[in-house]
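1. Test case, fold it:
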Amino acid sequence: MTLSTTSQGVSITYTMPTPGQWGPVQLNGQTLPVLPEPGLKDDPSTADDADTDGPAVGGGYEPAGLEVNLPVPTGDGLLWRTSGMPKPTKLIGDDGPAVGGGYFTRPFQSTVNGSLFEEFIPPEPPTPQKLLPAPKQAETKTEKTSSAAPGQEVAPAEGPSAFQGPTVLESLQAKFSQDPVAAQRLELKSVEFYEKQFANIKTPAQFKAQTDKFKEMIKDGMTLDELRPQAYALARLSAQETLGKKPYDSQMLGALSMDAGTIAQMGTGEGKTLTALMPLYLNSLSGKGSHLVTVNDYLAQAGFEELKPALEKLGVSAGLVLKEMTPDQKRAGYNADVTYLSNDTLGFDYLGDRTVTNPNDRVQRAPHFALLDEADQVLLDEARVPLIIAGLQGDEEVRGAVEQGQLFNNLVKDLVPGQDFRIDRKMHSAFLTDVGQDIVANEVGLLELRKDDPDYKAKLAAGSELRTLLREEAKITEGETELPRELVTQRGLKAAWCHLLGRPTETEASKNLEALRERKQELLDIFPGANLYAEDQMDRVRYLQNALEARGLFRLGKDYAVENGEVQIIDEFKGRISEGRRFTQGLHQALEIKEGLDPKPETYTVASITYPNLFRRYERVAGMTGTAESSKKEFSEVLGLNVVNVPPNKERKRVDHPDKIFATQEAKFAAVTEEVRNLFQEGIPVLVATRSVEMNQYVSALLSSEGIPNQALDAQDVKTNTPEENAIIATAGQSGVITVATNMAGRGVDIKPDAVNYKKLAVACDSACREGKAVVVQLDPKQPDQVDRLKAWFDLPEDEADKVKVAQGQPEKGKVLFTTEPTTGGDVVLKAEDFPGKKLVVLATERNLDQRIDDQLRGRAGRQGAPGETQFYVSLEDDLMRIYGDEDREKLKKLLDKPGGEDKIRKLSDEAQERVQNMNADARLQTAKFDQVANKQREVVWGFRDKWVDSRPGQPVSDDQMDIGATVHDWVVEAYTTAVGAAMQEQKGNSEARLQGALAQVGQDFKFPVELPEGKGDWKTRLETAVRGQLSSVEDSINTNRPADLHKDFLETYQWQTALQNLDKGWTNQLQVLEDEKQGSNLEAYAGREPEQAYIERAFKAFDEMWNYVKGETTKTLLQQMTEVNDILKTRNA
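-> Numbers count the residues shown, from 1 in each chain. You can find the predicted model right below:
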């Protein structure tokens, strides 16, 4: 129905659904969103806790590695527990000495960190492809309009009972509302309407029947977007029937937000696992499958087990794909209607399918819908780290790489930081100074000096003397004499003072330097050393750079760990080891050599893809996370995904305190220790968050040395997000437990604080017992876990704990009676409910380089409306301020003592964090731009390869397959003709002579001479006809003379295999070329060209060369082998 009106000269047209039908309302052709009344409805039938992100992991509190005199109250008084405490671990600063003892010493600052390059900012290049340009519909919409609610036997959708849709006013209110989920609130009304329509659906058969009707409606032309209210209503009912949990309105708003093209930000504890049920079910109805992609196998399995009953009751199959499964098991998981898996598993299975030679070996089907849990971690934090399937080098290559790696490792070990090389932590780079280049060139030259060189002795002597002179020059220009010269010239000190200090004056130093350089030039004329940057020696530049970075940039315990004789990467964002991953381009080998390990063979890339490009393959993409708001601009502009901030189910009561600022790390950690002590005495659970393994170990040992029991969790203890790690995180909410953990440990697992402060209850009992009073502890019979929780604070044997549940009678003086029954006895009656808990305090030992991680830490506290507090402790010596802050630290220390100084430093800290975030976002954008080029080529190569693998020799050709014989013929003709054209350029004489010479040369190279027939037309056309005809003639001859036991399709099979092998080899080489070109493109900035444009030009030129290589190698191999086989068969049958 269409209504038109005119207001103030403006024509307005409303297109509304026909009365009795549900459909969208349009204003001037634009579909309007919808808006219900504000506020959320809480159904009393819902579960007590909306959080469904995974089962809580229980277990008693056992402090690990402590030297603690911890009083443990019992019914008879106090017991004392003592366990061994490790000595505080040594902490190594960026450039400073090891720090021992139970305190933290500020790292020594040297010039190593002091030299920064000015960043070059190129002109803005074209914007890369969006992740999801626009949501796609499940099927092309037909003119048929669905006007009825499904399930006619339940409630008819015709007539007055049908949902009428939003009013025009409601739609306009939603369109211009400030509420981020205004449209979803209005759509929730229609969901609630269909819930009532489906109220009589109870049995699995009824649910399945309704699901089957939904599928028929899609086949008839209804889109998924149109079906969403009905499907969500049915899924909500299924959750209530099977799980006993009816999704809250807040969860429904999240589900409505994340259906396609949107990331829903939902706080910790809001129940994202249950929220996912609705969009997963809806998108499975298309028959193409829905994927719930989370960050590890543990969370995938937990989500699968939790929602499987609800999905199966709906009549859709649920599948699980884990990394260690067999191909058959994975295939079954991917073929399910809804599949749970990790992003790593999804990515590597996709790459694996791109390398199979038999289509039956693939495990995945075409992608349709992906719902990403922790979407920011997958699409942002891991965006720059490609998934790679790699091959190993051959033995000779391995030996050469190890020799070069060890050579440069030994050279770099002798270099002096600040003089010979410098590091730039802001740009994460290491580079030689001019003196350092001279020293390395001299040392490499001496190593390469051959004794059979007639000038061997003279060069050896010159090089040896140069070694000393270069070091002296470095001291004068870079190091030891620089400070006295500065004192003489800037502070007016007399030359006598320099002599008194044993240092040369500026005049003396200049004369010394002049004489030294004259002698240096004389020696360089005799022995110039090695040319490090010669064009034919660029490989060793890579070994040198890797050795520099391994020494200067990568720190043991922060960037990598050594476990079981292997170097393992520590994920910067997760704070845990990334199993199975290796640094590329030889860096991993450099770290292995640095640590004295046997280096493993370097790898080469067979197939690779980044996560953003992996998910661009899906028709529909959505996500959910607790931390996306601060990066919503990047999500929108780069990935094409909007962020919707979904309001919590209960009002958030968490208090986020302003950062506490300290001048030094020593003062900061003293304050952290004191705060933890106070909270521990109060029985409040505390999560102390650190940024690195080394800092985690230090803080844990520091607390232990102060008598504060704690449990530590870092990458050294737990390799990946496993049940062990999640169990530790889950216990972090228990009363009196202090947990020290790296930032992202246990992400996806909620910390649920005890409802009762059992420590304070235990202390109250002990205090009364000491006074000789009879104490009764009244426990809640509906909370049987209260007895188990008290075991952590009272030494109750199992048999005694069982007795508590039925204990009756009168308590004795000085003892405690635990009972769940009402009692009138006792001098002191304590009730568990009088010692409320429900509070978690998060103390972060420094700000992170990304606000999202800070937000993630804050989100640990105050879940589901519970009280909580967060506090960040910041020092001017932290990485954020030291590396990325623009202000001088000494000035900031003075500012700290002034009124309002802390506020100003907090602002500077925020600015430094924003600066790092922008740098990382720019780096991701740069990666995306470069990877888009590779992705275009990847799509072409893998698209061809998939079709080629699907094409089977001797089988009829379908639309999604290729004609093997025709394709091979085309390749041979093209490659042969191209080779003749290239050979003509090298020939001399007139055109005919050059043509004949080229034909002879190519015929010999290919072992397949071709006679050019006489006739009209250019030589290319005549040659193409001749090659095609001669190739067919050889094939016919082979097939005619083949032995009877040789399969009739053997020749086409051989052609198919040869082409596939050369395609894979060519693409592998192309990936290395692209990587090399990407590294080299940065140099284009110095030539005034845009790096991206230069890269694009060279990349596509290399792509053309790759295809020429594939066709040429296939042609050469086939023609040579077919000619030999033909000759053998003809001879045998002669």
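
2. Grab the most central residue of this structure for me.
-> Compute the mean C-alpha point of the chain, and by Cα atoms, centre = their mean the closest residue is Glu382, 2.5 Å away.

3. Can you pull the phi and psi angles for that one?
-> With angles defined as degrees, to the nearest 10, Glu382 sits at phi -110, psi 20.

4. my read: it touches Tyr611, true?
-> Yes: the pair Glu382 and Tyr611 qualifies as a contact (Cβ atoms under 8 Å) at a distance of 5.7 Å. C-beta coordinates here come from the backbone N, C-alpha and C atoms, glycine included.

5. Residues that sit against both of the two, list them.
-> Counting by Cβ atoms under 8 Å, 6 or more residues apart in numbering, the common neighbours of Glu382 and Tyr611 are Asn343.

6. List the buried residues in stretch 853-863.
-> Of the residues in stretch 853-863, those with enough neighbours to count as buried (16 or more other Cβ atoms under 10 Å) are 853-863.

7. and that stretch, C-alpha only, in CSV?
-> The C-alpha trace of stretch 853-863 is given here as CSV (Å, rounded to 0.1, in the frame of the first residue of the first chain):
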residue,chain,number,x,y,z
ILE,A,853,43.1,-4.7,25.7
ASP,A,854,42.6,-2.2,28.5
ASP,A,855,38.9,-2.5,28.0
GLN,A,856,39.1,-6.2,27.9
LEU,A,857,40.8,-6.2,31.3
ARG,A,858,38.2,-3.8,32.7
GLY,A,859,35.5,-6.0,31.5
ARG,A,860,36.7,-8.8,33.7
ALA,A,861,35.2,-7.0,36.7
GLY,A,862,31.6,-6.0,37.4
ARG,A,863,29.9,-8.7,35.2
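
8. got a list of contacts for that stretch?
-> Counting by Cβ under 8 Å, 6+ apart, 51, 267-269, 573, 626-627, 629-630, 652-656, 687, 689, 743-744, 747, 750-752, 839-842, 844, 847-848, 868-870, 872, 913 sit against stretch 853-863.

9. Next: stretch 1112-1121.
-> With contacts defined as Cβ under 8 Å, 6+ apart, stretch 1112-1121 is touched by 968, 971-972, 975-976, 978-979, 1005-1008, 1031, 1054-1055, 1058-1059, 1062, 1065-1066.

10. Likewise for stretch 1039-1055?
-> 953-954, 964-965, 968, 1035, 1038, 1118, 1121-1122, 1126, 1129-1130, 1132-1133.

11. Counting neighbours, which of the residues you listed end up buried?
-> Buried members of the contacts of stretch 1039-1055, scored by 16+ other Cβ under 10 Å, are 953, 964-965, 968, 1035, 1038, 1118, 1122, 1126, 1129.

12. Output these as JSON lines; include the columns secondary structure and distance to Val829.
-> What follows is these, written out as JSON lines (DSSP: H, G, I helix; E, B strand; the rest coil; distance: Cβ to Cβ, whole Å):
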{"residue": "Pro953", "secondary structure": "coil", "distance to Val829": "87"}
{"residue": "Ile964", "secondary structure": "helix", "distance to Val829": "87"}
{"residue": "Gly965", "secondary structure": "helix", "distance to Val829": "92"}
{"residue": "Val968", "secondary structure": "helix", "distance to Val829": "91"}
{"residue": "Glu1035", "secondary structure": "helix", "distance to Val829": "99"}
{"residue": "Ile1038", "secondary structure": "helix", "distance to Val829": "99"}
{"residue": "Leu1118", "secondary structure": "helix", "distance to Val829": "93"}
{"residue": "Met1122", "secondary structure": "helix", "distance to Val829": "98"}
{"residue": "Asn1126", "secondary structure": "helix", "distance to Val829": "103"}
{"residue": "Leu1129", "secondary structure": "helix", "distance to Val829": "103"}
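
13. Can you say which two of those residues are spatially most distant?
-> The span of the buried ones among the contacts of stretch 1039-1055, defined through Cβ to Cβ, is set by Ile964 and Leu1129 at 21.1 Å.

14. burial of Asp220, as a residue count?
-> The tally of other residues near Asp220 (other Cβ atoms under 10 Å) stands at 12.

15. next one: whichever helix in the chain runs longest to chain centre, how far?
-> Secondary structure assigned by DSSP state H gives helix 901-950 as the longest helix of the chain. How far helix 901-950 lies from its chain's middle: 11 Å, per Cα atoms, centre = their mean, to the nearest Å.

16. can you give me the mean pLDDT across it?
-> Mean per-residue pLDDT for helix 901-950: 92.

17. about what we covered before: would you write a ChimeraX line that selects the buried entries of the contacts of stretch 1112-1121?
-> Here is the ChimeraX command that selects the buried residues among the contacts of stretch 1112-1121 (16+ other Cβ under 10 Å):
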select :968,971,972,975,976,978,979,1006,1008,1031,1054,1055,1058,1059,1062,1066
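
18. What about the contacts of stretch 1112-1121, which are in helices?
-> When DSSP H defines the helices, the subset of those inside them is 968, 971-972, 975-976, 978-979, 1005-1006, 1031, 1054-1055, 1058-1059, 1062, 1065-1066.

19. For the chain, which strand extends over the most residues?
-> Counting residues, the longest strand found in the chain (DSSP state E) is strand 867-875.
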